[in-house]
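# model the structure of this input:
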Amino acid sequence: MSRALRPQVAVLTQAAPAGDDWLHEIKYDGYRTLSFVDGGEARLLTRNGHDWADRYQPIGAILSKLRCDHAIMDGEICVQNETGVTSVAALQDALATRAAGTAHLFRI
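Coordinates of the predicted model:
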C-alpha cells in the first residue's frame, strides 16, 4: 500500500459545504492517523508519514486482527477524559507514559 497517501486534515470554514456529495465528521482533539492493514500487519502513519505503530501498539494489535487482507483507515487517535472530552495533552501524556514503560490503554 502506498506511503503517498496522507490523512485528511480539518479545514476551518465559515459554513459546511452544501450538497449531498459531502461527508462530515466531528473534529476530535487528537492526532490524525492513517492506518494500513496488510496481511495481518498494521502500520499507523502520522500526517508527516512517520510510522507510529510502536507508539500506538494497543491500537495496531486490534487492527491486525481485522478479518480482511487489506484495509486503509483514516481517523483521529485521541484520549478521552471521564466526561468523554478529548484532549491532545492527555494523548501526549498517554504516549509519554507508554514510552516510560508504564502500561496505558487507549480508548478506541
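# any idea how many residues pack against Thr33?
Using other Cβ atoms under 10 Å, Thr33 is surrounded by 20 other residues. To be clear about C-beta, it is placed using only N, CA and C from the backbone, and glycine gets the same treatment.
# contact partners for it?
When contacts are counted by Cβ atoms under 8 Å, 6 or more residues apart in numbering, Thr33 touches Pro7, Leu44, Leu45, Thr46, Trp52, Tyr56, Asp74, Gly75, Glu76, Ile77.
# check which element follows the helix or strand where it lies along the chain.
Thr33 is located in strand 31-38, with elements delineated by DSSP states H and E. Remark: after strand 31-38, the chain's next helix or strand is strand 41-45, criterion DSSP H and E.
# would you mind listing the buried residues in that next one?
Residues Ala42, Arg43, Leu44, Leu45 are the ones in strand 41-45 that count as buried (16 or more other Cβ atoms under 10 Å).
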